[in-house]
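Student: Following is a predicted model, sequence given first.
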Amino acid sequence: MAVELTSKRYRVEDLDAVEFCYQQGWTDGLPVIPPTPDRVTAMLAAARLDPKQELAFITHRSVSITAEKVAINAVMAGCRPEYMGVVVAAVEGIGDPAWGYHGPGTSTGGAAVLMIVNGPIARQLDVNSGDNLFGPGWRASLTVGRALRLVMRNVCGSLPGLLDRGTLGHPGKLSYVIAENEAESPWTPLHVERGFRPDQSTVTVMAAEGPHQFYNQLSPDAEGVLTTLADSMQHSGGAGRQPQYVVALAGEHMRTIAGSGWTKKEIRQFLFDHTKNSHAHLKRTNRMPGDDTKMRPLVASADDFLIVAAGGRAGAFSSFVPGWGSGTSSRAQTKEVKH
Amino acid sequence: MEILDPTVEAATQPIAYVDRPGSLKGKRIGLIENTKYNSDKLLQRIGEILKSEYGASETRMFRKHNSSVPAHEEIITEVRKTCDVIVAGVGD
């Protein structure tokens, strides 16, 4: 397929190409792979995309995100061509009006984009779902999220300190990609709960704080483990603002909870019932004003807890990730990997 | 080596500003509240000052869906009909 790439071209000495990208302000602080026409063409070909195809339109920025620009940034991030479909689905996710780009892309709240990959593509591309879940070591996990953030920077203009005004930010803003451990999980995968077939591949994007780890090495049953989790979550994130949450249950906790016969639905309901705060407490701790006699759930609905089985087999640790802002200003989106 | 530009120029769009009024005397003030805590109280106070010290005739408060989105269509329509001047702010 002959493709016509219309982006402006620069001719640079081979040895100076990476430095040139720094000088242009195109990188996130780490070196990038120089986006040559051949590499960009291969990225587009793998996803069978026309360079001009619009993948998302960010209304508040009046920015059209085309396949060509996504491919250039994916090359720079270090993606292999076969990763392109996942990057595209993530772009579609953050371009959805219900994700609300302007808030999490700009806010002092410093959100990153947590990506959860489900379905066969996660295993094909080796997106990490196990040991060192949020850490380094897996090319797809590190480069797919980086590609998305480079698109946000270079195409949407979310430059740190300018239109990205995160007060603190966090390391997940470099890349923040996990997969669900569907092979070992006893539960319905996240994407199936959200309306897809098990054999479809999807990416779920949530505007998110960093991961919070908790431990429970004592409990032999679901209620024990989840009591610790609920206690850790109760005052986390923007308590009072009712964001969404991702809960990543790793191997030992996954087996303990499943051993009690609990489904994801029962986990969500338990967390909903046990993470409510009294308005009196929220008021006393200067989080929000309110009526002292009432209770405020941590999330607006039990379905705002997104539960995934993910993390290493060994270790009595799991994790929760508070979403950015409130669940009404940005909602997690799940998009199929079609390309 | 030839490399491609990963950035775009945002599409430009002209924005027309209405003329500022020479005086607020007798003007109807719209207050666009963005849902953040106490933003309503702050705007209410500003509205009172605009009435007592600058002679504005009345104030009306409108509430956005949330602080991250522009004012929605119903607000724009209503403001056009009922207000001469608006005060909008994003504050933390």
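Tutor: Yep, it's here. Numbers count the residues shown, from 1 in each chain, chains lettered A, B, ... in the order given.
Student: what pLDDT does the residue most central in space within chain A get?
Tutor: Geometric centre of chain A, nearest residue: A:Leu114, 1.3 Å, by Cα atoms, centre = their mean. A:Leu114 is assigned 98 on the pLDDT scale.
Student: My guess is it contacts A:Gly172. True?
Tutor: Yes - between A:Leu114 and A:Gly172 there is a contact at 6.7 Å, judged by Cβ atoms under 8 Å. C-betas here are computed from N, CA, C, even on glycine.
Student: shared neighbours of these two, which are they?
Tutor: With contacts taken as Cβ atoms under 8 Å, 6 or more residues apart in numbering or on different chains, A:Leu114 and A:Gly172 have A:Ala208 as neighbours in common.
Student: Enumerate every residue touching the closest residue to chain A within chain B.
Tutor: Nearest to chain A in chain B, going by Cβ to the nearest Cβ, is B:Ser68, at a distance of 3.0 Å. Taking Cβ under 8 Å, 6+ apart, we find B:Ser68 in contact with A:100, A:102-104, A:106-107, A:325, A:329-330.
Student: Scan chain A for its longest helix.
Tutor: If each helix of chain A is counted by residues according to DSSP state H, the longest one is helix A:139-154.
Student: so what strands line up beside the following helix or strand past that helix?
Tutor: Sequence-wise, the next helix or strand downstream of helix A:139-154 (DSSP states H and E) is strand A:177-179. Strands that pair with strand A:177-179, judged by DSSP bridges, come out as strand A:112-118 (parallel).
Student: Just want the angle from the partner strand to helix A:139-154.
Tutor: Interaxial angle, strand A:112-118 versus helix A:139-154 (axes from the mean of the first three to the mean of the last three Cα atoms, to 10 degrees): 140 degrees.
Student: buried sites along strand A:112-118?
Tutor: Of the residues in strand A:112-118, A:112-118 count as buried by neighbour count, 16 or more other Cβ atoms under 10 Å in any protein chain shown.
Student: Next, count neighbours for the closest residue to A:Asp164 other than its chain neighbours.
Tutor: Once flanking residues are discounted, A:Asp164 sits nearest to A:Ser158: 4.2 Å by Cβ to Cβ, 6 or more residues apart in numbering or on different chains. Other residues near A:Ser158 come to 23 when the count uses other Cβ atoms under 10 Å in any protein chain shown.
Student: Who are the contact partners of A:Ser158?
Tutor: The neighbours of A:Ser158, taking Cβ under 8 Å, 6+ apart as the test, are A:105-106, A:152, A:164.
Student: which among the residues you listed gets closest to chain B?
Tutor: Nearest to chain B among those: A:Thr106, at 7.9 Å, using Cβ to the nearest Cβ.
Student: quick one: that closest one from B:Gln13, how far?
Tutor: 19 Å (Cβ to Cβ, to the nearest Å).
Student: repeat for A:Gln124
Tutor: Between A:Gln124 and B:Gln13 the distance, using Cβ to Cβ, works out to 42 Å.
Student: if you count what's nearby, which of those two comes out ahead?
Tutor: More neighbours surround A:Gln124 than the other of A:Gln124 and B:Gln13, with 11 against 6 (other Cβ under 10 Å).
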